[in-house]
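Participant: let's see this in three dimensions:
(one chain, ligands or ions: 4)
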Amino acid sequence: MSILNADLHCHSVVSDGTLTPEVLAQRAKDLGVELWALTDHDEVGGQHRAAAAARALSLPYLTGTEISVSFANKTVHIVGLGFDADNPQLVQGLRATRGGRDVRAQEMADQLAMVGIPGSFEGALKYAGNPELISRTHFARFLVETGVCKDTPEVFRKYLTEGKPGFVPHRWATLSNAVRWITQAGGVAVIAHPARYGFTANEEFALFSEFKAHGGTAVEVVTGSHSSADAVTYADMAREFQLAASRGSDFHSPDESHTDLGQLPWLPGDLQPVWELLSDRIQ
Ligand code: AMP
Ligand code: MN
Ligand code: MN
Ligand code: MN
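Facilitator: Ligands and ions are numbered 1, 2, ... in the order given. Have a look, this model is predicted:
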């Protein structure tokens, strides 16, 4: 086992979390996290705040983001860790990735209006701490607030997912661009929560192979989105593809997330922890 309470995946109000970077830093510290990264979707706008808050608490910090990628007609998430958050190519690439979210959200709201749920664009926007980063999570909060659904899992079962009202297919970044933006900014690219994608074995093999070919070097093995069986499966994938392993809660909100910061199983001891690739990037 790798005994370091690293939590290298979570979200703040800069994307679809409900806590500020400062409150998250304090929560991570209080819950025993020993190495932390804030990984907002398609954004690095919270990085300086998170790093400063972590420094004030003597909490070791890695920069982070989670990039939305289109691959094999699905959305895949690539986490970046330990990059220079001011790198112009990375900042510009993320800005371009965020760019289509507003139009997409309007289309989601139009679809929901057609099934009798009016006002969801404004309703979702109210929850978005960052107006450039309106996400399905913000729509989910509106649908819970208005009593359409009892909680966010029910929202994603009935709405906003493929084949359901409010799902709008979207073209995100390419896998090669996402990996390149991260690596040329000095960071390490990580396949986020691979069990979530529902890929066939062939599609998954293609994802891992292409990710490696583009210079990706790690995969999340232990995450709040994985069961213990998933962790075993993706520990094997890390071995097969010779990838380092990452660990992160994917915490969004005390009210919504079942895994809190740092409250995760350890990484299997034979895998190389991703932070060993980043020892000179820890702040
Ligand atoms: P978007 O980037 O706008 O497509 O929104 C994706 C976000 O929706 C994810 O990062 C999660 O926070 C949330 N999400 C996706 N699927 C689910 C689900 N089944 N249950 C709860 N939250 C989900
Ligand atoms: Mn999210
Ligand atoms: Mn994700
Ligand atoms: Mn996430």
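
Participant: burial count for residue 57?
Facilitator: Burial measure for residue 57: 17 neighbouring residues, criterion other CB atoms under 10 Å. (C-beta placed from N, C-alpha, C; glycine too.)

Participant: residue 184 versus the closest residue to ligand 4 within the stretch 151-283 of the chain, what's the distance?
Facilitator: When scored by CB to the ion, the stretch 151-283 of the chain has residue 250 as its residue closest to ligand 4, at 4.4 Å. The span separating residue 250 from residue 184 equals 26 Å under the rule CB to CB, to the nearest Å.

Participant: report the contact partners of the residue of the stretch 1-150 of the chain found nearest ligand 1.
Facilitator: Ranked by CB to the nearest ligand atom, the top residue of the stretch 1-150 of the chain for proximity to ligand 1 is residue 135, at 3.2 Å. Residue 135 makes contact with 15, 16, 41, 101, 128 under the criterion CB atoms under 8 Å, 6 or more residues apart in numbering.

Participant: could I get the full set of strands for the stretch 1-150 of the chain?
Facilitator: In order along the chain, the stretch 1-150 of the chain carries the following strands (DSSP state E, counting those that start in this stretch): 6-7, 35-36, 64-71, 74-81.

Participant: and the third one, C-alpha only, in PDB?
Facilitator: The reference is to strand 64-71. Extracted in PDB, the C-alpha atoms of strand 64-71 (Å, rounded to 0.1, in the frame of the first residue of the first chain):
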ATOM      1  CA  GLY A  64      -4.900  20.600 -11.100                       C
ATOM      2  CA  THR A  65      -7.600  20.600 -13.600                       C
ATOM      3  CA  GLU A  66     -10.100  18.100 -15.200                       C
ATOM      4  CA  ILE A  67     -10.400  18.500 -19.000                       C
ATOM      5  CA  SER A  68     -13.600  17.400 -20.800                       C
ATOM      6  CA  VAL A  69     -12.600  15.300 -23.900                       C
ATOM      7  CA  SER A  70     -14.600  13.700 -26.700                       C
ATOM      8  CA  PHE A  71     -13.500  10.200 -27.400                       C
END
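
Participant: so which elements touch it?
Facilitator: strand 74-81, helix 88-98, helix 175-184 (3 or more CB pairs under 8 Å, 6 or more residues apart in numbering; DSSP states H and E).

Participant: give the contact list for residue 116.
Facilitator: By CB under 8 Å, 6+ apart, residue 116 lies in contact with nothing.

Participant: list phi and psi for it.
Facilitator: phi 90, psi 20 (degrees, to the nearest 10).

Participant: distance of it from ligand 4?
Facilitator: Applying CB to the ion, to the nearest Å, one obtains 31 Å for the distance of residue 116 from ligand 4.

Participant: try residue 140
Facilitator: 14 Å.

Participant: quick one: neighbours of that residue, just the number.
Facilitator: Residue 140 is flanked by 25 other residues according to other CB under 10 Å.

Participant: next one: residue 255
Facilitator: Using other CB under 10 Å, residue 255 is surrounded by 10 other residues.

Participant: repeat for residue 94
Facilitator: Neighbour count of residue 94, defined by other CB under 10 Å: 24.

Participant: next up, the contacts around the nearest residue to it once chain neighbours are set aside.
Facilitator: For residue 94, ignoring the flanking residues on the chain, the nearest one in space by CB to CB, 6 or more residues apart in numbering is residue 42 at 5.2 Å. Taking CB under 8 Å, 6+ apart, we find residue 42 in contact with 15, 65, 66, 67, 68, 94, 97, 98, 133.
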